[in-house]
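S.K.: give the three-dimensional model of this entry:
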Amino acid sequence: MNINLGEEISRRRREQKLTQEDLAELSDLSVNFISRLERTKDQNISIQKLDSIARALNTTTPDIINNAYRVKKIKPEGPVNNTPIFIQKINNELRKLPAAKAERVCKSLIVLLKEMN
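M.R.: Numbers count the residues shown, from 1 in each chain. Sure, this is the predicted structure:
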């Protein structure tokens with residue numbers, strides 16, 4: 001059985017209403033890489049890049065691989081990620097920070113949001 005990771009990644013990306021540019025930004029990969037992965041049978045991808053894509057799609061690497069092996073595509077059970085893209089981008093940036101710094105940023109954001117209400 002052939003595996004096409006790009007097809008599965010594309011399906012999940014479209015399901016979450018993300019563009020290739022959004023996915024590239026969220027996963028810290030290039031748009032060209034995402035585009036080539038989705039449109040070709042070239043599955044030359046490192047586990048680190050696949051992990052980055054999985055995190056950006058709010059799933060796991062094994063889940064992407066398992067679903068790519070399925071012959072008949074079945075909708076995943078449970079809620080589909082409806083998190084707005086700007087919240088995903090903030091989350092992605094917070095992941096890049098050391099834990100203590102991310103906590104300070106979150107506390108500052110909470111204070112700012114409370115002041116806006």
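S.K.: hmm, residue 5 is touching residue 68, no?
M.R.: Yes - between residue 5 and residue 68 there is a contact at 5.0 Å, judged by Cβ atoms under 8 Å. Yep, even glycine has a C-beta here, placed from its N, CA and C like the rest.
S.K.: which helix or strand contains residue 22?
M.R.: helix 20-27 (DSSP states H and E).
S.K.: then the following helix or strand past that helix to CSV, C-alphas only?
M.R.: Per DSSP H and E, the first helix or strand lying C-terminal to helix 20-27 is helix 31-39. Output of helix 31-39 as CSV, limited to C-alpha atoms (Å, rounded to 0.1, in the frame of the first residue of the first chain):
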residue,chain,number,x,y,z
VAL,A,31,5.7,27.7,1.3
ASN,A,32,7.6,26.0,-1.5
PHE,A,33,8.2,22.9,0.7
ILE,A,34,4.6,22.7,1.7
SER,A,35,3.4,23.1,-1.9
ARG,A,36,5.9,20.4,-3.2
LEU,A,37,4.9,18.0,-0.4
GLU,A,38,1.2,18.4,-1.2
ARG,A,39,1.4,18.2,-5.0
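S.K.: packing partners for the strand or helix carrying residue 113?
M.R.: Element membership for residue 113 (DSSP H and E) is helix 99-116. Secondary-structure packing of helix 99-116 (3 or more Cβ pairs under 8 Å, 6 or more residues apart in numbering; DSSP states H and E): helix 85-96.
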